[in-house]
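> Model the following, please.
(one chain, ligands or ions: 1)
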Amino acid sequence: MKNLLIISVIFLIFYSASSKQYGKFLVINDAHLDKNYKEGGTVQCDSPCACCCDDMPPSNYTGQTAGKWGSSKCNTPFRLFEQVIPVVQQQQIDFVVFLGDAPSMAFWEVTYEDSISYVKYVAQQLAKLVDIPVVPVIGNHDYSPSDFFTCDGSMDNYYKTMADIYKQWLPSDIASFHHCGWYSNSIIPGLRFLIMNTMICDPADILILHESEEMTEQCKWLDSEIQKAKDNGEKVYLFGHVPIGQSTQRIYPPLCWTNSSLKIAQLMEKYPDTIVSMFSGHTHFSEFRVVYDTKTSKIPVGMNLISPSFVPEASRYSGFRIYDYNTQSFEITNIHQWYSNPYSVGDDQIPVWEKHFDFLSDYKDYGVEKVNPSELDKIAKQITTNEDLFKLYYQRYAPRWNVDSVTEAKKNLIKCSLPVTKNSIYTECLNKLNSEK
Ligand SMILES: [Zn+2]
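Numbering: from 1, shown residues only. As a prediction, this is how the structure comes out:
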């Protein structure tokens, strides 16, 4: 009788697991924590980036002061990150991805030891999640000096240190992580994670000039891993801190050198039925890129979904994303954006993260029915001429920012950055839109 009961329980567990049609995973990135954050600290200062709040104001100061949970020109207080952990725990997700950037953005104050201790802190917090596997990814601030990545052997000790911090979530074969910060992992049968080091295609990386040999090496590694996944009938998610393609903030340089971006595009073109999506952070905005074929630049072959920052800087909310996926095809079935506004939380209250929007409800009026390259292509095509669609995209891109105050030049940058394609097409798009008004 007892055996029968055990068999029944095992069957029920197996049955419920195998019949689950949809799963969820959560992506959190760009924590940008500040160990010196002071509640009541000076918010208005001359600092070039969001990095005030470390000093108490002088007695004659009449400006804004840093709140308990965060402030608009500041990095993140530790207590805000600690507050999100139980929120993540409650989401019934299958795994969480930390897409990098634990340290403060005040990079000139962050020593190498500091950068390691910030990453350790994030790992300790994520380790509090019960029964939720973590997929760690390195960001450009996770090393000091920041934006100084290579894989010529000179950083092996750093990558080994990172692997040691994250070891409880890494597979046994991590030779590539030890040398270059990239690795392959699978925690769900049928789904392969390829974790990239996209700092080495970022023009901000001081050690990398244009198309690097390291990036060529990474793409060769990706090619062989994706081929293996395809042969095994697996689907692939690509994770990389820095997205590919153009920046919405400037005409030049791009987020990732164009030749390197096109190498990733070629892989998406080569394996359209195996690679589901690339996932990134780094820009601090909620956005996406559509990747086109490298021959005609007209056929959507891939996508890069970009999640907003956890740090609530520049008057934005603190955010994370939850992706819904089909547990058989591993297609992304929806995107849920969660935000918290830590500025208005009283001292005796705690911040609450709430769902701000979901992708399919937002874009259904524009004929978008799924989250895949050909559906995102519909948005990329319509947004250049449809002002209402641009407003909707912008309200999600940077919540709390006023769309009416965006210049036409800035709007055009955002619109023309959506496609990942040749430089000539990007320039043509900007010239055309800029000449219209
Ligand atoms: Zn970054």
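> residues contacting the residue in the chain that the ion sits nearest to?
Of the residues in the chain, the one nearest the ion is H282, at a distance of 3.8 Å by CB to the ion. For every residue, glycine as well, the C-beta is placed using N, CA and C. Taking CB atoms under 8 Å, 6 or more residues apart in numbering, we find H282 in contact with N29, D30, L99, G100, D101, G139, N140, H241, V242, P243, L255, I306.
> hang on, it in a strand?
No - applying DSSP: H, G, I helix; E, B strand; the rest coil, one finds H282 to be coil, outside a strand.
> can you pull out the strands in this protein?
With DSSP state E as the criterion, the chain has strands at 22-28, 95-98, 134-136, 183-188, 191-195, 235-239, 275-280, 287-292, 300-306, 318-326, 332-340, 354-358, 419-420.
> looking at those, which is closest to E39?
Of all those, strand 318-326 sits nearest to E39, with 16.0 Å by CB to CB.
> got the angle for the closest one vs strand 300-306?
Angle, strand 318-326 to strand 300-306, by axes from the mean of the first three to the mean of the last three CA atoms, to 10 degrees: 140 degrees.
> Next, the angle from strand 318-326 to strand 332-340.
Using the same axes, to 10 degrees: strand 318-326 against strand 332-340 is 160 degrees.
> and strand 318-326, how far out from the chain's middle?
Distance, stretch centre to chain centre, for strand 318-326: 11 Å (CA atoms, centre = their mean, to the nearest Å).
> What of stretch 141-157?
Computed by CA atoms, centre = their mean, the separation of stretch 141-157 from the middle of its chain amounts to 20 Å.
> Low-confidence regions, this protein specifically.
In the predicted model of the chain, residues 1-19, 46-53, 208-211, 437 satisfy pLDDT under 70.
> so what's the one residue sitting closest to the centre of it up against?
Nearest residue to the geometric centre of the chain (CA atoms, centre = their mean): G281, 2.3 Å. By CB under 8 Å, 6+ apart, the contact set of G281 is V27, N29, D30, L99, G100, D101, G139, H241, I306, S307, P308, S309.
> What sits closest to it if chain neighbours are left out?
N29 (3.1 Å; CB to CB, 6 or more residues apart in numbering).
> from memory that neighbour sits against D101, does it?
Yes - with contact defined as CB atoms under 8 Å, N29 reaches D101; the gap is 6.3 Å.
> joint contacts of those two?
Joint contacts of N29 and D101 (CB under 8 Å, 6+ apart) are G139, H241, G281, H282, S309.
> So what pairs up with the closest residue to L360 other than its chain neighbours in the strands?
Leaving out its chain neighbours, the residue that sits closest to L360 by CB to CB, 6+ apart is N334, at 5.1 Å. When assigned by DSSP bridges, N334 has beta-bridge partners D324.
> Wait, N334 touches F357, no?
No - judged on CB under 8 Å, N334 makes no contact with F357 at a distance of 10.5 Å.
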